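Asker: I would like to see how this sequence folds:
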Amino acid sequence: MKLKKIFTERTVHIIILVLTAALIYSISLHYEMYPHLDDDRYVLNNEYLGFSLENIRLWLTQPCMGLFVPVTMFSFMLDYSIWGKEPLGYHLQNIFWFIITAVGIYSCFIKLKLKPLHAFLLVLIYIVHPQRVESVVWVTERKDVLCGALFFAALFFYLEGFDRNKFNFLTFFLYIIALFAKPMAVTLPVILAMIDFSRKRCFSPWYYIKKFWPYGLVIVVYLVIIANIKRTFMYPPESAQNMILVILFNIYWYVKNAFICNFYDMCVLYPRIIFNWQTVVQMLAFYITFAGVGIIAFFKVKKETLLYSVLPVAICYIAVLSPILGTFRFSSSDYADRYNYIPSVVLLFAAGSVAPFALNKRNRNIIVSLVIVYIVFLAFWTVKYLPCWKNNISVFSRSCEYRPANNMALVSLGLIELKAENFAEAFAISERLRTDYLNDSSDIPGKAHAIQLYIKAVVLFKNRAHDQAAKIFSFLLKDKYLTEIICKFGVGENFYSMCANVYLRKRMVKGAVSCFKEIIKLGYVAKSNVLFYKGMIAFFENRKHEALDYLEKAAQLAPDDKNINYNLKMIRKSLKSGSE
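Answerer: Sure, this is the predicted structure:
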């Protein structure tokens, strides 16, 4: 009897959900972080992850990459205090919060009166769906899994205390924390209001204002905070016509991919939307089907059910989807797997609400069996897709399989190949950037163009086509905006160093010195290299003893650096010959 009390149906469901999530995503525990995909700013090159009052104050007042997410940053600080910058610990915490999210969704579904078996199967679909990979495996997307866990915890405690008719301070507190983990939590009050509308059937606006005004106040304060945040890149505004098309496409894409998804549909960085005939036909088929189902429902379903069940779910879905529909552009693509982290739950709940009407004694076993096959199908694609996130190269190589690829993927892969001295591959990518994005208005102004020219110039220089490389470097140096973009991608040191090399080949010492000075201003250059460049400036300004001092200090910090050691040897030789 005691075992039966412990291992209830719901307990068994939760255990299976936890084990499934842990088993699938244990594959990713040894995966690397992605320096070219935000992990550098959030973790790898972040100097403010140590636990201190100064760093806590910093993240409570400053954004990270344009997002005000202090709770997420505090979670990274916890990882850093235990693991340093070892990826394993960061992946473990991502998986932990994903499991909490899954358990929270299951608990909410039960509170929303779904049958335990239906809730279990729906959450299993959510866990094994390929769209979860991006949120769980990508360390930077701690924002998703942490916000999702807090979001559904807040919803669960609201449902738990619904009949007490008191303001739920625990839900309110969890909502604030979720909002400071990621802005997508902002729509939770709409879901809470729709739960009230569905259950209490109250049409008075004053009822909702009186009950939810504290949430509105938090939203206003949060909007004031983020209004003062400057974004690194601003995207060109969309025309009204294109914005409508993007919104219609995104609604279609998010609904379709919540249910119909496989490896060939998945991408790390999706390309920009192209409205060719195939896309238009698929969108028309979707909206015609949707309209047909809506008309049938209007005439067949009770008006009371439409008003108090269907309408609230529809409003909830539009609400949670609204921040990501494409009204505002935040990237060179307008849709991404991680944005479906919460919206897909609303669709799964809708499917669970319809399930009792579709199931009967005759077909129940058949439909449940088909759902299990569907779950296995999704799990298979997820396991196949996971290795695409193994490291930097696999992430961007997968994205570049699309044509035209997302320009961020091409830029990043080109820089990776260049750093690895795979010059043929880097040059091929620079040509793709030139043909795909040279006249593309969806490109962040000049970004693809700047990196394409930089990659091409470096490859030409390494292949001893010095004159051709010099022309490109000279062009880039004259355009401060393009130079600034190159520096923002973390390759400013190499860029200015090669420009200095070009100047020295032409015996233009002043030009080389100016390049060395620009490198020192960058701020992200290693201390040994800063000393090296100061030494080179001193040498070319005929302060050789001062140059020797700088180079010796640089050699102490980086004893195996060939460049430093070679130039140190040359300076010593120059001083020796001068003294003779």
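Asker: burial of the spatially closest residue to residue 321 that is not a sequence neighbour, as a residue count?
Answerer: The shortest distance from residue 321 to any non-neighbouring residue, by Cβ to Cβ, 6 or more residues apart in numbering, is to residue 343 (4.8 Å). C-beta coordinates here come from the backbone N, C-alpha and C atoms, glycine included. By the criterion of other Cβ atoms under 10 Å, residue 343 has 24 neighbours.
Asker: residues in contact with residue 343?
Answerer: Each residue near residue 343 by Cβ atoms under 8 Å, 6 or more residues apart in numbering is listed here: 254, 258, 317, 320-321, 324.
Asker: mind giving me JSON lines with these and columns for neighbour count and distance to residue 293?
Answerer: Listed next are the contacts of residue 343 as JSON lines, based on neighbours: other Cβ atoms under 10 Å; distance: Cβ to Cβ, whole Å:
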{"residue": "254", "neighbour count": "22", "distance to residue 293": "17"}
{"residue": "258", "neighbour count": "20", "distance to residue 293": "16"}
{"residue": "317", "neighbour count": "22", "distance to residue 293": "14"}
{"residue": "320", "neighbour count": "26", "distance to residue 293": "21"}
{"residue": "321", "neighbour count": "22", "distance to residue 293": "18"}
{"residue": "324", "neighbour count": "21", "distance to residue 293": "24"}
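Asker: Next, check these against the helices and list the overlap.
Answerer: Among the contacts of residue 343, the residues falling in helices (DSSP state H) are 254, 258, 317, 320-321.
Asker: Just give me the closest of these to residue 133.
Answerer: When the ones in helices among the contacts of residue 343 are compared for distance to residue 133 (Cβ to Cβ), residue 258 wins out at 14.5 Å.
Asker: With adjacent residues omitted, what lies nearest to that closest one?
Answerer: residue 344 (4.3 Å).
Asker: you'd agree residue 393 is up against residue 413?
Answerer: Yes - if you go by Cβ atoms under 8 Å, residue 393 and residue 413 touch, sitting 7.3 Å apart.
Asker: higher neighbour count, these two?
Answerer: The residue with more neighbours, out of residue 393 and residue 413, is residue 413; 24 against 16, by other Cβ under 10 Å.
Asker: tell me the domain boundaries of this protein?
Answerer: Domain assignment for the chain, taken from automatic domain parsing, gives 2-389, 403-525, 526-580.
Asker: Quick check: which ranges of the stretch 401-550 of the chain have low pLDDT?
Answerer: Residue ranges of the stretch 401-550 of the chain with pLDDT under 70: 437-446.
Asker: Output the residue ranges of the helices in it, listed in chain order.
Answerer: If DSSP state H, counting those that start in this stretch is used as the criterion, the helices of the stretch 401-550 of the chain fall at 407-419, 423-437, 447-462, 466-478, 480-488, 492-505, 509-521, 527-540, 544-557.
Asker: how about those in CSV, adding distance to residue 201?
Answerer: Compiled in CSV, the helices of the stretch 401-550 of the chain are given as follows (distance: least, Cβ to Cβ, whole Å):
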stretch, distance to residue 201
helix 407-419, 48
helix 423-437, 54
helix 447-462, 52
helix 466-478, 65
helix 480-488, 54
helix 492-505, 61
helix 509-521, 64
helix 527-540, 67
helix 544-557, 72
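Asker: So which of those is nearest residue 132?
Answerer: helix 407-419 (20.7 Å).
Asker: Which pLDDT value belongs to the residue nearest to the spatial centre of the chain?
Answerer: Nearest to the mean C-alpha position of the chain, by Cα atoms, centre = their mean, lies residue 141 at 5.3 Å. Reading off the confidence values, residue 141 has pLDDT 95.
Asker: wait, isn't it in contact with residue 336?
Answerer: No - counting by Cβ under 8 Å, residue 141 stays clear of residue 336, with 9.8 Å between them.
Asker: which residues are in contact with both of these two?
Answerer: residue 134.
Asker: that older thread, in a markdown table, list the contacts of residue 343 along with distance to residue 494.
Answerer: A markdown table is the format used below for those (distance: Cβ to Cβ, whole Å):
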| residue | distance to residue 494 |
| --- | --- |
| 254 | 40 |
| 258 | 43 |
| 317 | 47 |
| 320 | 43 |
| 321 | 42 |
| 324 | 36 |
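Asker: Export those to TSV and append columns for distance to residue 9 and pLDDT.
Answerer: Formatted as TSV, those follow (distance: Cβ to Cβ, whole Å; pLDDT from 0 to 100):
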residue	distance to residue 9	pLDDT
254	32	91
258	26	90
317	29	95
320	29	92
321	33	90
324	35	81
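Asker: Can you tell me which of the residues you listed is closest to residue 117?
Answerer: Each of the contacts of residue 343 was checked against residue 117 using Cβ to Cβ; the closest is residue 258, at 20.5 Å.
Asker: what's near enough to touch that closest one?
Answerer: Applying Cβ under 8 Å, 6+ apart to residue 258 gives the contacts 129, 131, 340, 343-344, 347-348.
Asker: Skip the chain neighbours and tell me the closest residue to residue 509.
Answerer: Among residues not flanking residue 509 along the chain, residue 540 sits closest, at 5.0 Å (Cβ to Cβ, 6+ apart).
Asker: brain fart, residue 505
Answerer: Once flanking residues are discounted, residue 505 sits nearest to residue 466: 6.3 Å by Cβ to Cβ, 6+ apart.
Asker: in the protein, which ranges drop under the pLDDT threshold?
Answerer: Short version for the chain, where the test is pLDDT under 70: 1-7, 229-239, 326-334, 437-446, 578-580.
Asker: Return the residues in contact with residue 51.
Answerer: By Cβ under 8 Å, 6+ apart, the contact list for residue 51 reads 77, 81.
Asker: In a strand, it, correct?
Answerer: No - going by DSSP: H, G, I helix; E, B strand; the rest coil, the assignment for residue 51 is coil, not a strand.
Asker: Give me the distance between it and residue 403.
Answerer: Distance of residue 51 to residue 403, given as Cβ to Cβ, to the nearest Å: 46 Å.
Asker: secondary structure element for residue 90?
Answerer: helix 87-111 (DSSP states H and E).
Asker: next SSE after that helix?
Answerer: Counting by DSSP H and E, what follows helix 87-111 is helix 116-128.
Asker: and whichever helix or strand comes after that next one, what other elements does it pack with?
Answerer: Counting by DSSP H and E, the next helix or strand C-terminal to helix 116-128 is helix 132-137. Contacts defined by 3 or more Cβ pairs under 8 Å, 6 or more residues apart in numbering; DSSP states H and E place helix 132-137 against helix 87-111, helix 142-160, helix 364-385.
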